[in-house]
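J.: Sharing a model prediction with you, sequence too.
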Amino acid sequence: MELTMPTFDASTPFILIARIQVKPGKVQEYLELASKTDAAVEASEPGMLHHTFDQDPENPLCFTWSEVYKNDAAFLAHLTNPPVGAYLQGHAQLGDGFTVEVYGTVGQKCKDAMDATGLPIKIFETKCGYSRL
């Protein structure tokens, strides 16, 4: 019996985790920036299936964006969405650190766009599993 693995590629959902550190004394301003960005993304990105900003229980200056994208096209739309650009500008003033982890298989165009951000990004490609999204 031959085992058939599902196909994961540019058309399948993936998870992105962005780990943020905020400058001391800037948490309230950052939360306002994150909330404004979240509302804009919800209103303008139907391919963003999940989008939360969570605070580290052990370090009040550390946060995590948890994002689920419908596919690569949804991520590429996110990168070019003006509120996201405004968020990144605000992060440059209020934040100290920004790293990204991607869980799932993405296509080369998406990888190239991720690399072009200049952010440290680590991609964990899917080897087996399923998605009900």
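T.: Structure's in. What do you need? These numbers come from a predicted model, not from an experiment.

J.: Identify the residues contacting Trp65.
T.: Neighbour list for Trp65: Leu16, Ile17, Ala18, Ile20, Ala34, His51, Thr52, Phe53 [criterion: CB atoms under 8 Å, 6 or more residues apart in numbering]. All C-beta spots, glycine's among them, are computed from the backbone N, C-alpha and C.

J.: neighbour-wise, which of these leads?
T.: Tallying neighbours with other CB atoms under 10 Å puts Leu16 at the head of those, with 23 neighbours.

J.: residue contacts, that one?
T.: Going by CB under 8 Å, 6+ apart, Leu16 touches Trp65, Ser66, Glu67, Val68, Tyr69, Phe75, Val100, Glu101, Val102, Tyr103.

J.: and what of Met48?
T.: Neighbouring residues of Met48 by CB under 8 Å, 6+ apart: Val41, Glu42, Glu67, Val68, Tyr69, Lys70, Ala74, His78.

J.: What of Thr52?
T.: Residues in contact with Thr52 (CB under 8 Å, 6+ apart) are Asp38, Trp65, Ser66.

J.: Give me the neighbour count for the last one.
T.: Going back to what we said before, that points to Ser66. Applying other CB under 10 Å, we find 13 residues neighbouring Ser66.
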